[in-house]
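*Asks:* I'd like to go over a predicted model; first the sequence, then the structure.
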Amino acid sequence: MTPSFPPLAASVHAAVADAVAVVRIERPPANAFDPALIAELLDTLKPLAANTDVRCIVLRGTGRFFVAGADIRVMRELSEETQHAMRPWIEVQQVLETAPKPVLAALNGHALGGGAELSLACDVRVMAASASIGFPEIGLGLFPGAGGSQRLPRLLGAHRAKLLMMEGRRLSADEARQIGLVDEVVPDDEFDARIDRLAAEWAARPTAAIGLLKRVVEAGRTLPLDQALDAEFAGVLDLIRTADAAEGLQAFLDKRPPHFTGR
Ligand SMILES: CCCCCCCCCCCCC[C@H](O)CC(=O)SCCNC(=O)CCNC(=O)[C@H](O)C(C)(C)COP(=O)(O)OP(=O)(O)OC[C@H]1O[C@@H](n2cnc3c(N)ncnc32)[C@H](O)[C@@H]1OP(=O)(O)O
């Protein structure tokens, strides 16, 4: 008789409350990603990105780690099948980058290699003071292979990005903030509460406008300027007809704070 194995413990947990979806990665000991985690993450993120009742996505790790990168044990035994099974890591990041809502990377712990790359696909990066971030792949004889070699130069400029990837060193939270790799550093004991407050603030903003802004900015990177300006103008014309734009404009005239519904 075939032994029945217990189901693999889930490595990705999602909870939605007050229009905020918190996606927590938990794969001991370091939240390193393997094909199973990647598949779970993709299956979790896709519906949340499409769900218009979700107005902010928070992606976080557990314990001392956000995500320590690709699982080095997996890489060492890399089979043809595993290589292809890791490819969806790229799609995970595209889902985050194109989600029509704010995506907050809550760097509770070490964000290294593929973990740091994952955070680059998010819109906002908030880091716990004791966490570290970096692209150590060069020390493994590799280089960032899941978007870091493309997104980091766009964020920091080619020179500083190349240097960080060539050196492969880990940055402290303060240094990461100084160079603009992360947006805010929070004392460890205040981190969870700060993330909750930030997520609530992002969820109260005009979600549709943020989603369209993300799309227009991304399109502008590859379109000729005249076409990008047309897309921008068309986007604002689309938004003018939304409930949130009507509310925002009226609230200003009424001299009161707007109450956005995200639509
Ligand atoms: C899978 C990719 C295959 C490549 C081809 C496939 C197609 C391409 C797909 C693209 C994917 C590329 C993604 C990316 O560019 C590549 C990477 O991410 S490579 C990995 C980069 N990460 C690292 O190098 C970090 C390694 N970790 C550390 O340096 C340290 O852990 C630390 C963060 C400095 C913390 O140090 P300590 O506090 O001392 O803690 P430990 O080191 O003891 O760690 C605790 C425990 O966790 C285990 N662990 C940590 N990181 C990893 C890891 N990345 N993979 C596996 N295991 C990890 C560590 O071994 C300890 O375990 P224990 O010894 O307790 O069993």
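*Replies:* On my side now, so go ahead.
*Asks:* Could you use CA atoms for every contact and neighbour count after this?
*Replies:* Noted.
*Asks:* Identify the residues contacting Pro102.
*Replies:* By CA atoms under 8 Å, 6 or more residues apart in numbering, the residues touching Pro102 are Arg55, Cys56, Ile57, Asp123, Val124, Trp202, Ala203, Thr207, Ile210, Gly211.
*Asks:* Same check on Ala39?
*Replies:* Residues in contact with Ala39 (CA under 8 Å, 6+ apart) are Pro88.
*Asks:* before we move on, what about Thr62?
*Replies:* Counting by CA under 8 Å, 6+ apart, Thr62 touches Arg24, Ile25, Glu26, Asn31, Asn108, Gly109.
*Asks:* Run a quick check on the last one versus Ser130, I expect a contact.
*Replies:* Yes. Counting by CA atoms under 8 Å, a contact exists between Gly109 and Ser130, whose distance comes to 7.1 Å.
*Asks:* So which of these two has more stuff around it?
*Replies:* More crowded of Gly109 and Ser130, by other CA atoms under 10 Å: Gly109, with 25 against 17.
*Asks:* Would you mind listing what in the stretch 1-150 of the chain touches the ligand?
*Replies:* 29-30, 32, 68-73, 75, 83, 86-87, 110, 112-114, 136-137, 144-146 (CA under 6 Å from any ligand atom).
*Asks:* Only the buried subset of these, as a ChimeraX command please.
*Replies:* Buried residues among these (16 or more other CA atoms under 10 Å), as a ChimeraX selection:
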select :30,32,68,69,70,71,86,110,112,113,114,136,137,144,145,146
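*Asks:* Now, the residues of the stretch 1-150 of the chain next to the ligand that are in strands?
*Replies:* His110, Leu112 (DSSP state E).
*Asks:* returning to that earlier point: can you tell me which of the contacts of Pro102 lies closest to the ligand?
*Replies:* Nearest to the ligand among the contacts of Pro102 is Asp123, at 19.4 Å by CA to the nearest ligand atom.
*Asks:* Now the closest one: closest residue in space, sequence neighbours ignored.
*Replies:* Val103 (5.3 Å; CA to CA, 6 or more residues apart in numbering).
*Asks:* what sits opposite that neighbour in the beta ladder?
*Replies:* Counting by DSSP bridges, Val103 forms beta bridges with Ile57.
*Asks:* how many other residues sit next to it?
*Replies:* Val103: 27 surrounding residues under other CA under 10 Å.
*Asks:* Local confidence estimate at it?
*Replies:* Looking at Val103, its pLDDT reads 98.
*Asks:* Touching, it and Gln94? I think so.
*Replies:* No. Applying CA under 8 Å, one finds Val103 not in contact with Gln94, separated by 11.9 Å.
*Asks:* any idea of the mean pLDDT in stretch 173-187?
*Replies:* Here the average pLDDT along stretch 173-187 is 98.
*Asks:* which residues sit against that stretch?
*Replies:* For stretch 173-187, using CA under 8 Å, 6+ apart, the contacting residues are 124-133, 155-156, 194.
*Asks:* buried ones in it?
*Replies:* So for stretch 173-187, counting by 16+ other CA under 10 Å, buried means Ala173, Asp174, Ala176, Arg177, Leu181, Val182, Glu184, Val185, Val186.
*Asks:* Now do the last one against the ligand, distance only.
*Replies:* Val186 sits 19 Å away from the ligand, taking CA to the nearest ligand atom, to the nearest Å as the criterion.
*Asks:* ok, now the first one?
*Replies:* Separation of Ala173 from the ligand (CA to the nearest ligand atom): 14 Å.
*Asks:* go on, the fourth one?
*Replies:* Distance of Arg177 to the ligand, given as CA to the nearest ligand atom: 19 Å.
*Asks:* What helix or strand is that residue located in?
*Replies:* Arg177 belongs to helix 173-178 when elements are defined using DSSP states H and E.
*Asks:* Pull up the pairing partners for the following helix or strand past that helix, direction included.
*Replies:* As assigned by DSSP H and E, the chain's next helix or strand after helix 173-178 is strand 184-186. Using DSSP bridges, strand 184-186 pairs in its sheet with strand 124-128 (parallel).
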